[in-house]
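Chemist: turn this into a model:
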Amino acid sequence: MTATLEPGTLQVIASTPAVLRALTGGLPEAAIDARDGEGWSARDVVAHLLDRWPSQRGRVQKMLAEAHPTILDEDEVAGLEASGLRQRPLAWLLDEFERVRAAEAPAFRALTASDLARTGQHSAAGPITVAELLNHTAYHDLLHIQQIATTLARVPNAGRGAFGMF
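Modeler: As a prediction, the model looks like this:
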């Protein structure tokens with residue numbers, strides 16, 4: 001088990017809202033609502049990241065407060081559907097995501113080595129540490145940033161004409 005943060009983990013977690021705003025802010029609805037091969041739009045992904053944040057934050061808090069607690073796996077798609085966030089305007093989603101992430105940044109920066117080594121038992125993944133959970137959060141953010149960029153690229157790709165060969 002890993003008890004240390006990988007380089008850049010906290011910076012990725014803190015900067016993800018700004019990166020998402022830079023990628024999507026001001027784009028027309030047609031681009032924001034374009035779907036990837038799995039049916040997800042940029043708006044859906046931002047809504048998903050916002051929806052997952054209370055759970056991730058709560059998991060860290062539980063692991064800090066309890067000795068080796070059970071951390072239940074969750075159905076992320078069902079959670080997103082139940083949240084109603086997919087119907088929210090993108091600007092609202094970005095503002096709210098930025099607000100909730102900024103509120104947690106000082107607490108995460110203040111974690112000690114012993115905090116990062118605290119453990120839990122994830123119902124699907126097995127034993128985990130706070131550091132692993134935070135490293136996973138940064139990884140998860142970056143995967144979804146990549147997903148949004150790929151989805152957004154599909155829009156201008158349709159109009160590249162002969163440049164499609166490149």
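Chemist: so where's this protein shaky on pLDDT?
Modeler: Within the chain, no range satisfies pLDDT under 70.
Chemist: burial of residue 93, as a residue count?
Modeler: Neighbourhood size, residue 93 [other CB atoms under 10 Å]: 25. Any C-beta I mention is one placed from the backbone N, CA and C, and that applies to glycine too.
Chemist: was I right to think it contacts residue 43?
Modeler: Yes: with contact defined as CB atoms under 8 Å, residue 93 reaches residue 43; the gap is 6.9 Å.
Chemist: relative to residue 72, how far out is the residue of the chain most remote from its centre?
Modeler: The C-alpha centroid of the chain is most remote from residue 162, which lies 35.9 Å away (CA atoms, centre = their mean). Distance from residue 162 to residue 72, counting by CB to CB, to the nearest Å: 52 Å.
Chemist: do the same with residue 139
Modeler: Separation of residue 139 from residue 72 (CB to CB): 20 Å.
Chemist: tell me what the helix ranked longest in the chain is packed against?
Modeler: Scanning the chain for the longest helix, with DSSP state H as the assignment, gives helix 130-157. Helix 130-157 sits against helix 9-24, helix 29-32, helix 42-65, helix 113-116, with contacts defined as 3 or more CB pairs under 8 Å, 6 or more residues apart in numbering; DSSP states H and E.
Chemist: which one of those lies closest to residue 107?
Modeler: Among those, the nearest to residue 107 by CB to CB is helix 42-65 (8.6 Å).
Chemist: so which bits of the closest one are buried?
Modeler: By neighbour count with 16 or more other CB atoms under 10 Å, helix 42-65 contains the buried residues 42-53, 56-57, 59-60, 63-64.
Chemist: hang on, the residue farthest from the centre of the chain in a helix?
Modeler: Yes: Residue 162: assigned to a helix according to DSSP: H, G, I helix; E, B strand; the rest coil.
Chemist: looking at the helices and strands packed on helix 130-157, which is closest to residue 100?
Modeler: That would be helix 42-65 among the helices and strands packed on helix 130-157, by CB to CB, at 5.5 Å.
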